[in-house]
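Novice: need a 3D model of the sequence below.
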Amino acid sequence: MCRLPRKHYFCTYMEIRIKEQEIVQAAQEGMDAFVELFGRAIQEAIGGELTAQNMPLLNADQITLLAYLTVRREVMDGGFIQLIYNGYGPFIFLNPFAKAMRQWGAADFQKLIYKGRKLYEQYDKELTRELSDEEFMALYEQYPAFEDLDDEFVCTEEQVTELVARYIDEHIEQFAVVEKA
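Specialist: Numbering: from 1, shown residues only. The predicted structure is shown next:
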């Protein structure tokens with residue numbers, strides 16, 4: 001549930017509301033469920049998709065969370081090549097996402113994103129053109145440098161998600177208004 005407006009630092013942001021009992025239940029289920037709960041609430045509040053029109057309704061922490069969840073979903077499903085092919089390269093690599101991750105305590109993840117940015121800048125034209133399924137699958141063989149990034153992310157995803165969950169917990173007011181039962 002959301003309401004407009006919520007003033008914060010001279011800006012007006014969408015008010016995301018989450019019931020306290022939902023937060024407690026998600027926390028009991030684990031850090032993945034906890035992080036996903038906040039991401040899902042933000043997604044629902046903006047109509048399911050982050051766009052240039054609704055982005056100003058969210059604060060930097062909410063946008064950063066959506067960016068992290070996008071990276072996690074895309075890379076766990078098909079690697080950084082899929083993330084870039086699906087059009088998320090500019091959002092992840094050409095915005096202050098990596099810097100925000102460092103501020104959240106995920107310095108090693110920031111370095112991983114910077115490595116990805118170098119590869120993105122080097123190969124973005126090839127990875128974002130229209131391809132058949134066979135041509136897309138061939139990208140994994142043509143650009144093996146992404147495999148190391150994928151492996152590093154998969155090996156550290158749990159730690160990064162834990163850092164994200166901790167950041168949300170310590171700054172919960174930046175993500176949602178908690179509705180008491």
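
Novice: give me the contacts around stretch 126-134.
Specialist: Stretch 126-134 has contacts (Cβ atoms under 8 Å, 6 or more residues apart in numbering) with 81, 84-85, 87, 89, 120, 139, 142-143. Backbone N, C-alpha and C define where each C-beta goes, glycine included.

Novice: in the chain, where is pLDDT below threshold?
Specialist: By pLDDT under 70, the weakly predicted segments of the chain are 1-12.

Novice: what about the helices in it?
Specialist: Here the chain has its helices, by DSSP state H, at 20-29, 31-45, 60-85, 89-93, 97-103, 107-127, 133-142, 145-170.

Novice: can you redo the ones you listed as a markdown table with distance to residue 179?
Specialist: Listed next are the helices of the chain as a markdown table, based on distance: least, Cβ to Cβ, whole Å:
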| stretch | distance to residue 179 |
| --- | --- |
| helix 20-29 | 6 |
| helix 31-45 | 11 |
| helix 60-85 | 17 |
| helix 89-93 | 30 |
| helix 97-103 | 27 |
| helix 107-127 | 31 |
| helix 133-142 | 44 |
| helix 145-170 | 16 |
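
Novice: including mean neighbour count, could the ones you listed go into CSV?
Specialist: Converted to CSV, the helices of the chain look like this (neighbours: other Cβ atoms under 10 Å):
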stretch, mean neighbour count
helix 20-29, 14
helix 31-45, 19
helix 60-85, 21
helix 89-93, 19
helix 97-103, 19
helix 107-127, 17
helix 133-142, 12
helix 145-170, 17
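
Novice: cool, thanks, talk later.
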